[in-house]
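Enquirer: pasting the sequence and the predicted model now:
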Amino acid sequence: DSLKQMARYNSHINVLMHGFGYFSKGLSKGEKQHFLELLVDYRENTVPLSHPIAILQSWIARFNEEYLKSQLYFRPYPKALVEITDSGKGRGQ
């Protein structure tokens, strides 16, 4: 039943903030500010969800956070299933 509905942006922000909490003590003021501003941009639909997830993934690697490494939220698909798409500028030309 839980997979029948798409997650709302508030649910994603909640998960992202929880992940952010694992790193906040080890981050600079600028890193924190950038991430929080990115969440506002995501809420306002001006950046995709992949942007704040990518930052958290980099911190997972930087701080070697084993618990978050094991969470499917950050790597929901095998690499072979991920299709790269962009605005059409530069790829495949």
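Expert: Ah, there it is.

Enquirer: chain neighbours aside, what residue packs nearest to Tyr73?
Expert: Setting aside the residues directly before and after it, Tyr73 is nearest to Val15 in space (Cβ to Cβ, 6 or more residues apart in numbering), at 5.9 Å. Any C-beta I mention is one placed from the backbone N, CA and C, and that applies to glycine too.

Enquirer: element containing that neighbour?
Expert: Using DSSP states H and E, Val15 maps to helix 9-21.

Enquirer: for the record, mean pLDDT for that helix?
Expert: Mean pLDDT, helix 9-21: 91.

Enquirer: over to stretch 57-74?
Expert: 94.

Enquirer: now it, how far from the centre of its chain.
Expert: Centroid separation for stretch 57-74 versus its chain: 11 Å, with Cα atoms, centre = their mean, to the nearest Å.

Enquirer: and what of stretch 21-41?
Expert: For stretch 21-41, the separation from the chain centroid amounts to 12 Å (computed by Cα atoms, centre = their mean).

Enquirer: span of stretch 17-37 from start to end?
Expert: In stretch 17-37, first residue to last residue: 12 Å (Cα to Cα, to the nearest Å).

Enquirer: not counting sequence-adjacent ones, nearest residue to Trp41?
Expert: In this structure residue 41 is Asp, not Trp. Distances taken as Cβ to Cβ, 6+ apart place Val47 nearest to Asp41, at 4.4 Å, with adjacent residues excluded.

Enquirer: number of nearby residues for the one you found?
Expert: By the criterion of other Cβ atoms under 10 Å, Val47 has 15 neighbours.

Enquirer: now it: phi and psi?
Expert: Phi and psi for Val47, reported as degrees, to the nearest 10, are phi -140, psi 150.
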